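Novice: Sequence and predicted structure below; questions after.
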Amino acid sequence: MSRNNLEQKQSTNNPYLDLEIINKFESQEEYLETKPVLLSNSNGLVIYANSSIKKFFGIKTGYNLFELNSDPKFSNLFDRLTKSKVNSFFSDLQIERKDGYNENHLLNIEKVLINEEEFFIVYLDSQENRKKISKKVNSYNQALESVSVGVLIADQNANIKYVSTSFENFFNIRIEEIYNKNIKYVFKKYLSEFEIDELDYCIVKNKKWVKVINGFSNEGEAQYREVRLNISEDKIDKSVNYIVTVNDITKHVQQARLLKNSEERQKSIINNISDPILILKKVKGNLIIENANNNFINDILGKKIGSQEQALLELINPVLHSILHEAILILEDSNRIHAPFHYTSPINNKRFLGKITFTDDHYDNTRLYIINMSDITEQLEIEKKLRDAYKKEISLNKLKSTFLANMSHEIRTPLNAIVGYSDLLEDDVKAMNFESSTKMTSYLKEGVNRLLKLVDNIVEVSLLESGNEEINLSRINLNHMLNVNKSVWIEDAKLKNISIKFDFSPMKLCIEANEEKLERAVKEVIDNAIKYNVENGEILVSTYEEINENYLQVSDTGIGIEKESLNKIFHMFEQVEETGYTRKYEGAGLGLSLANKLVSFMNGKMSIVSQPNEGTIITIAFPKV
């Protein structure tokens, strides 16, 4: 590059344009058929020109395009592009030669922004190249213009290379406007976002695609086109081209509409649809029922339509009217082609997934709204059952694991004690040590009793779960039952250094229960309060009454329970601690579960309130009798 050219570039006040990089571009070798291209600033100064444009047009770096004797003038073109939002421009360009003759060229200008300043990339095709392109285009035209089908051809990148005259007329668009643009560009104003995505997917996956689109002729008449995307594969290099064909199916649509305008035919069609169907039209801002099938009348309206074209609000309940009105507003305020909604029928409690779409009737200038409602009641019930079954399966698996872990501990521990103390007892008998053997016997009894209690609880829970156990209820005095058994509970508490107190209501609290089962339930609650109490802790057993119920309450000063764990405290084999051999407290996790089931079978209710390190309060309520 000459010193003068460099000085001219620097004079453009663009210090961020790296001259060294531009020099490297200019020094690169180019293919023989490289397209002529140059880069210019908004003042027409050529910043960069490739070898092709130098060779064919004599335009070099530093040249000012505004001085070129051309039609149109570059100064006018740059000024229009600068003031408009358009980023590209295609046109024929005439350049006056030195001998006075004009040469015709194909001009393409692309506007780019570099560091907030506008530059222009200018492509020029020589007359020779243009003749080659024209020859190809003419060959295509001769082959394709003989048919009325619109044709678009795109390369393997889905960029448009050719459209027939019929295609241009169908969409009122010229090849210059869409040349080298993606196929989707042509259909953006005719398709929804979803349909555009569908077309893009078919292009990427090289799949066929068919769609019917509607528009208007220059005379304002409705037109319908069937658009098909086909794939053409080159058998040699396996590359693909995309061919879009467009057929005018307006007459077919009109014929179909004539059939559809027959009310009896329309009724016959929609009544064969299993889903409830409603067709509305808007007249002076009011929604009018145009038609409805029998399923809509039976499942949604619950009454017959007296006559066609009744106001919607007069027939359907206000809830559905509000839902439909809101869905129509969403449909009209967006580019969507349909709007979904949910509705539960008060007639039969069926749940529906609705979809509302529309079509414009250009004959009488009205818009018809088509509402399709699918019954998803069974589907939702199946989904709920599947979710419940899945949760139950997880719960059962966890319960099984917990059961096996706890049972292995709860059965092995007393059995080990029995075996161990049996060996010691045998040694004492041989040694005639009867004092020690008496202790061994008591330890053996303790182990056997623990094992027996576990088996009894499992059997009791199994009977309750199976529904095979009958519990006979009778009128009993709650305070009397507690007084009879409190001495046993006091002794049990003393063994753990726990103080237990009783505070009974002075009134006679009568309830309907099974005394044996009630004793067992209360014992399980008190045993739980003893087991999870602190050293030298306290337990209070009290009774009181309210208007319709009598209450038994057991409160303790034990370790308490986290709030998150309260919901599982009545589950079988659950303990709010580790399972298996890592547990601090003995027991299979059946006590409170068994107590709760027994109380429930006797028409009572059990509730629990607890705070960690503050203790637990368990309340049992029975109806007064």
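Specialist: Done, it's in. Residues are numbered from 1 along each chain as shown.

Novice: all contacts plus neighbour counts: C-alpha atoms, from now on.
Specialist: OK.

Novice: so where do the helices sit in the stretch 151-300 of the chain?
Specialist: For the stretch 151-300 of the chain, applying DSSP state H, counting those that start in this stretch gives helices covering 165-171, 175-178, 183-187, 193-204, 250-260, 263-271, 294-296.

Novice: same for the second one, what does it pack against?
Specialist: Packed against helix 175-178, as judged by 3 or more C-alpha pairs under 8 Å, 6 or more residues apart in numbering; DSSP states H and E, are the following elements: strand 88-96, strand 160-163.

Novice: what pairs with the last one, and is each one parallel or antiparallel?
Specialist: Strands flanking strand 160-163 in the sheet, each with its direction: strand 150-154 (antiparallel) (DSSP bridges).

Novice: quick one: contacts of the strand it pairs with?
Specialist: 144, 160-168, 170, 183, 241-247 (C-alpha atoms under 8 Å, 6 or more residues apart in numbering).

Novice: for that strand, the distance to its chain's centre please.
Specialist: Between the centre of strand 150-154 and the centre of its chain there are 38 Å (C-alpha atoms, centre = their mean, to the nearest Å).

Novice: go on, stretch 550-559?
Specialist: Centre-to-centre, stretch 550-559 and its host chain are 47 Å apart (C-alpha atoms, centre = their mean).

Novice: now swap in stretch 490-510 and tell me
Specialist: On C-alpha atoms, centre = their mean, the centre of stretch 490-510 falls 57 Å from the chain's centre.

Novice: which parts of it are buried?
Specialist: Using 16 or more other C-alpha atoms under 10 Å as the test for burial, stretch 490-510 gives 490, 492-493, 497-500, 504-505, 509-510.

Novice: Which pair of those spans the longest distance?
Specialist: Greatest spatial distance in these: Asn497 and Cys510, 32.7 Å, computed using C-alpha to C-alpha.

Novice: Which residues lie in contact with the most far-flung residue of the chain relative to its centre in this structure?
Specialist: Distance from the centre of the chain peaks at Met432, with 78.9 Å (C-alpha atoms, centre = their mean). For Met432, the contact set (C-alpha under 8 Å, 6+ apart) is empty.

Novice: ok, and what's touching the strand or helix carrying Leu331?
Specialist: Leu331 is part of helix 318-332, with elements assigned from DSSP states H and E. Contacts to helix 318-332, defined as C-alpha under 8 Å, 6+ apart, come from residues 312-313, 337-341, 343, 356-357.

Novice: In strands, which of those residues fall?
Specialist: Among these, the ones falling in strands (DSSP state E) are 338-341, 343, 356-357.

Novice: Check those for burial and list the buried ones.
Specialist: Taking 16+ other C-alpha under 10 Å as the criterion, what is buried in the ones in strands among the contacts of helix 318-332 is 338-340, 343, 356-357.

Novice: need the helix or strand of the chain with the lowest average pLDDT.
Specialist: Sorted by mean pLDDT, DSSP states H and E, the helices and strands of the chain end with helix 3-10, the least confident at a mean of 41.

Novice: any weak-confidence spans in the stretch 301-450 of the chain?
Specialist: The model of the stretch 301-450 of the chain has pLDDT under 70 over residues 306-313, 363-364, 396, 399-417, 421, 434, 437, 443, 446-447, 450.

Novice: That one: strands as residue ranges?
Specialist: Assignment of strands within the stretch 301-450 of the chain using DSSP state E, counting those that start in this stretch yields the ranges 338-344, 351-361, 366-375.

Novice: what separates the shortest one from the chain centre, distance-wise?
Specialist: Yep, that's strand 338-344 we're talking about. For strand 338-344 - counting by C-alpha atoms, centre = their mean - the centre lies 16 Å from the chain centre.

Novice: So which elements touch that strand?
Specialist: Judged by 3+ C-alpha pairs under 8 Å, 6+ apart, strand 338-344 is in contact with helix 318-332, strand 351-361.

Novice: what do you get if the cut-off is 6 Å, keeping everything else the same?
Specialist: strand 351-361 (3 or more C-alpha pairs under 6 Å, 6 or more residues apart in numbering; DSSP states H and E).

Novice: likewise the longest one?
Specialist: Using 3+ C-alpha pairs under 6 Å, 6+ apart, the elements in contact with strand 351-361 are strand 338-344, strand 366-375.

Novice: hmm, 10 Å instead?
Specialist: The contact analysis (3 or more C-alpha pairs under 10 Å, 6 or more residues apart in numbering; DSSP states H and E) places strand 351-361 against strand 277-283, helix 318-332, strand 338-344, strand 366-375, helix 377-430.

Novice: Likewise for the last one?
Specialist: Under the contact criterion of 3+ C-alpha pairs under 10 Å, 6+ apart, the helices and strands touching strand 366-375 comprise strand 277-283, strand 286-292, helix 294-296, strand 338-344, strand 351-361.

Novice: Gly58 and Arg97: what is the separation?
Specialist: Gly58 sits at a distance of 11 Å from Arg97 (criterion: C-alpha to C-alpha, to the nearest Å).

Novice: Quick check: neighbours shared by those two?
Specialist: Counting by C-alpha atoms under 10 Å, 6 or more residues apart in numbering, Gly58 and Arg97 have no common neighbour.

Novice: OK, contacts around the spatially closest residue to Arg367 that is not a sequence neighbour?
Specialist: Leaving aside its sequence neighbours, Arg367 sits nearest to Asp360 (C-alpha to C-alpha, 6 or more residues apart in numbering; 4.3 Å). The neighbours of Asp360, taking C-alpha under 10 Å, 6+ apart as the test, are 214, 222, 281, 366-369.

Novice: can you check Ile183 too?
Specialist: By C-alpha under 10 Å, 6+ apart, the contact set of Ile183 is 152-155, 157-161, 199-200, 203, 229, 242-244.

Novice: so is Leu482 in a helix, a strand, or just coil?
Specialist: For Leu482, the assignment made with DSSP: H, G, I helix; E, B strand; the rest coil gives helix.

Novice: tally of neighbours for it?
Specialist: With neighbours defined by other C-alpha atoms under 10 Å, the count for Leu482 comes to 21.

Novice: Check the one 4 residues further on too.
Specialist: Burial measure for Lys486: 16 neighbouring residues, criterion other C-alpha under 10 Å.

Novice: cool, Asn397 as well?
Specialist: Neighbourhood size, Asn397 [other C-alpha under 10 Å]: 12.

Novice: if we can go back for a sec, mind checking the helices and strands packed on strand 366-375 for the one nearest to Leu45?
Specialist: Leu45 lies closest to strand 338-344 among the helices and strands packed on strand 366-375, at 52.6 Å (C-alpha to C-alpha).

Novice: Let me see the confidence value for Gly615.
Specialist: pLDDT, Gly615: 90.

Novice: Make CSV out of the buried residues of stretch 490-510 and add distance to Gly62.
Specialist: Output for the buried residues of stretch 490-510, formatted as CSV (distance: C-alpha to C-alpha, whole Å):
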residue, distance to Gly62
Ile490, 109
Asp492, 107
Ala493, 105
Asn497, 104
Ile498, 103
Ser499, 105
Ile500, 105
Phe504, 109
Ser505, 109
Leu509, 110
Cys510, 111
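
Novice: Can you tell me which of those is nearest Ile53?
Specialist: Closest approach to Ile53 among the buried residues of stretch 490-510 (C-alpha to C-alpha): Ile498, at 103.5 Å.

Novice: That closest one against Asn536, yeah?
Specialist: Yes - using C-alpha atoms under 10 Å, Ile498 is in contact with Asn536, at 5.1 Å.

Novice: shared neighbours, those two?
Specialist: Thr557.

Novice: re earlier: now for the strands of the stretch 301-450 of the chain, which one comes closest to Ile547?
Specialist: Of all the strands of the stretch 301-450 of the chain, strand 338-344 sits nearest to Ile547, with 40.2 Å by C-alpha to C-alpha.

Novice: Would you mind listing the outside residues contacting the closest one?
Specialist: Identification of contacts with strand 338-344 by C-alpha under 10 Å, 6+ apart yields 192, 300, 319-320, 323-324, 326-332, 349-358, 369-377.

Novice: Same check on stretch 70-82?
Specialist: With C-alpha under 10 Å, 6+ apart as the test, stretch 70-82 has contacts from 40-44, 64-68, 84, 86-89, 91-97, 102-104, 109-111, 118-120.

Novice: can we see that at 8 Å?
Specialist: With C-alpha under 8 Å, 6+ apart as the test, stretch 70-82 has contacts from 42-44, 65-66, 68, 87-88, 93-96, 111, 118, 120.
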